[in-house]
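Asks: return a 3D structure for these sequence lines:
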Amino acid sequence: MSEEFDLSSFETSMVVRQMQLSDIPEILEMQIACFPGMEPWEKEHLESHLAIFPEGQFVAELDGRIIGSCSSLIVNFAEYDDRHTWDDISDNGYITNHNPEGYNLYGIEVMVHPGYRRMRVGERLYEARKELARQLNLKSIIIGGRIPNYHKFADEMSPREYVDAVARHRIYDPVLTFQIMNDFTLMRINPNYLPDDKASKRYATLMEWNNIDYRAVTKRHYKTSYPVRICVVQYLMRKISCFDELASQVEYFVRVAADANSDFVVFPEIFTTQLMSFLDEPSASQAVRKIATEYTEDYIELFNSLSVRYNVNIIGGSHFVEEEDEEIYNISYLFRRDGSIDKQYKLHITPNEKKYWGISAGDSVRVFDTDCGKIAIQVCYDIEFPELARIATDKGANIIFTPFCTEDRQGYLRVRYCAQARAVENQIYTVISGTVGNLPQAVNMDIQYAQSAIFAPSDFEFARDGIVGETNANLETVLIGDVDLEILKRQRQEGTVKQLKDRRHDVYKVEYFSKNPGQ
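Replies: Predicted coordinates:
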């Protein structure tokens, strides 16, 4: 009996998988081979794709080599002009306009290495997109397709005549013919779609594949409004004798927020330093460490129980916490009304926090999913650094909450003016919540100054002066106001100015480096 062949020596491995950061150098090299004479991706484009919508980015790999890739984002296509360009639909290639609540998967790039064509690589990539659309229950896939053979016929045919001839199989076009064979139908022909696509004479065919498995769901329909009610607590610092007194004050404000049907209630930064008033600890740093080690569990249990009991999401101000490295951090917690908890570390520590309390800095900008959309928390000093708000907005945040604690008007105005600027720059809502009163028993917490507020972008659709509401200065009170996320979404597309869409990525950029993967 003859020996059997070792079949493994004949096997190859062809897979389509999600793109990874380590694939970027190969993709950039492949693109130059695929589209000579056209402006290629930059590394920052692909990094942005993976940071914003990793599920929509695929590569085809043969025996460990990248031979094809495709990139996409989700949009609500009804919000875009029919004659949009590639730059319009992709935010100049960065896909920061990706909308997880959209109806349509929009494909902005497909490429197959010239040495591996006619191996159905493109078909495999398209099938991966179709499967993603089914999994995410998207209505359709839309693409702006090149017509790279059109330049050969441009002297004798209009773009419409050329497309009709390809559709009737009288002319072969490597892109359009492929798309038709993959069940895409023509919607229209767009001029000036890709300025550097000379082969297509800058025309593109807008094509659509309809997902027959799409199921309309009630939460994804056009809304005239999407109001979110916010209760801002302006908290009076006063002497107390035990933790239960602080808990009683906190519950009172949460109850007020719940009685007003608020979606969020936000407390100020480090208002739990009120506990110092009965600790009888002369050393400021030791007082902070006592709060961190002896009252953190009580603080978390209190707020978590209140968020569930009163059915309101709580931004729990901030609290000093000692972690395993024995460092003290200034942490703001999000207590969701479903009982889940998240946290944001303060990233920028003020000179006084370092001098008196020895506070350490965090290193991640986080954005949190809630039942009212994505939010971010930037504690006091952090709102004065515009890069953080831009990063949070690019990650999808619609509201930035800023618990703060300032001792004088100058410090307060730094927080206020910067919060208003962040609202305008990023077309988001910002909320500031501060402490008032006096706490003479606590070193570095003896005086407070605040005027809490909710800010909006400055445009006709929003509140006058970009101020949804504000409290009187230096009085214990609450502010309750509604912000509308639907108006925010529409204004980003159709506002008098469009700061997010009009950013010059070719001139400047903000790079984010996190020490914690996935954050």
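Asks: list the contacts of Lys130.
Replies: Contact partners of Lys130, counting by C-beta atoms under 8 Å, 6 or more residues apart in numbering, are 141, 209, 211. Any C-beta I mention is one placed from the backbone N, CA and C, and that applies to glycine too.
Asks: out of those, the closest to Arg160 would be?
Replies: Closest approach between the contacts of Lys130 and Arg160, by C-beta to C-beta: Trp209, at 21.2 Å.
Asks: helix, strand or coil for the closest residue to that closest one other than its chain neighbours?
Replies: If the residues on either side of it in the chain are set aside, Trp209 comes closest to Ile141, at 4.5 Å by C-beta to C-beta, 6 or more residues apart in numbering. Put simply, Ile141 is strand when judged by DSSP: H, G, I helix; E, B strand; the rest coil.
Asks: beta partners for Ile141?
Replies: Ile141 forms beta bridges with Leu105, Trp209, as assigned by DSSP bridges.
Asks: and if you look at Ser72?
Replies: Gly107.
Asks: for it, give me its contacts.
Replies: Listed by C-beta under 8 Å, 6+ apart, the contact set of Ser72 reads 53, 56-57, 105-108, 129, 132, 141.
Asks: in the chain, which helix or strand is least confident?
Replies: Least confident helix or strand of the chain, by mean pLDDT, DSSP states H and E, is helix 485-494 with a mean of 87.
Asks: may I see the buried residues of that helix?
Replies: Neighbour-count burial for helix 485-494 flags 485, 487-489, 491-492 (criterion: 16 or more other C-beta atoms under 10 Å).
Asks: for ChimeraX, what selects the buried ones among the contacts of Lys130?
Replies: Of these, the buried ones can be selected in ChimeraX as follows, counting by 16+ other C-beta under 10 Å:
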select :141,209,211
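Asks: between the contacts of Lys130, which is closest to Arg504?
Replies: Of those, the one sitting nearest to Arg504 (C-beta to C-beta) turns out to be Ile141, at 29.9 Å.
Asks: show me what contacts that closest one?
Replies: 72, 104-107, 129-130, 133, 184, 208-209, 211.
Asks: out of these, which one sits closest to Ala292?
Replies: For the contacts of Ile141, the nearest to Ala292 is Ser72 (45.5 Å; C-beta to C-beta).
Asks: how much space between the closest one and Lys343?
Replies: Noted for Ser72: a distance of 32 Å to Lys343, by C-beta to C-beta, to the nearest Å.
Asks: cool, and Phe513?
Replies: With C-beta to C-beta as the criterion, Phe513 and Lys343 are 20 Å apart.
Asks: who has more neighbours out of those two?
Replies: Applying other C-beta atoms under 10 Å to Phe513 and Lys343 shows that Lys343 carries more neighbours, namely 19 against 6.
Asks: dihedrals phi and psi, that one?
Replies: Here is the backbone geometry of Lys343 (degrees, to the nearest 10): phi -150, psi 150.
Asks: so it is in contact with Arg336, correct?
Replies: No. Using C-beta atoms under 8 Å, Lys343 is not in contact with Arg336, being 11.9 Å away.
Asks: where exactly do the strands run in the stretch 301-450 of the chain?
Replies: 313-315, 319-322, 328-335, 341-345, 359-360, 368-370, 373-377, 399-404, 429-437 (DSSP state E, counting those that start in this stretch).
Asks: make CSV out of those and add distance to Lys239 and mean pLDDT.
Replies: Listed next are the strands of the stretch 301-450 of the chain as CSV, based on distance: least, C-beta to C-beta, whole Å; pLDDT from 0 to 100:
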stretch, distance to Lys239, mean pLDDT
strand 313-315, 24, 97
strand 319-322, 19, 96
strand 328-335, 23, 97
strand 341-345, 28, 96
strand 359-360, 24, 96
strand 368-370, 34, 93
strand 373-377, 28, 95
strand 399-404, 21, 98
strand 429-437, 10, 97
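Asks: and these: which comes nearest Phe385?
Replies: strand 399-404 (11.7 Å).
Asks: show me how far that closest one is from its chain's centre.
Replies: 16 Å (C-alpha atoms, centre = their mean, to the nearest Å).
Asks: pLDDT below threshold where in the chain?
Replies: 1-12, 218-224, 515-519 (pLDDT under 70).
Asks: go with 80
Replies: Within the chain, the stretches with pLDDT under 80 are 1-13, 81-83, 118, 217-225, 441-446, 493, 505-506, 514-519.
Asks: next, count neighbours for Val59.
Replies: Neighbours around Val59, by other C-beta under 10 Å: 21.
Asks: who does it form a beta bridge with?
Replies: Under the criterion used (DSSP bridges), Val59 bridges to Arg17, Ser69.
Asks: I'd like to know which elements the helix or strand encompassing Gln286 is packed against.
Replies: Element membership for Gln286, per DSSP states H and E: helix 284-294. Packing partners of helix 284-294 (3 or more C-beta pairs under 8 Å, 6 or more residues apart in numbering; DSSP states H and E): strand 319-322, strand 328-335.
Asks: give me whichever of the ones you listed is most buried.
Replies: Ranked by mean neighbour count, the helices and strands packed on helix 284-294 are led by strand 328-335 with a mean of 24 (mean count of other C-beta atoms under 10 Å).
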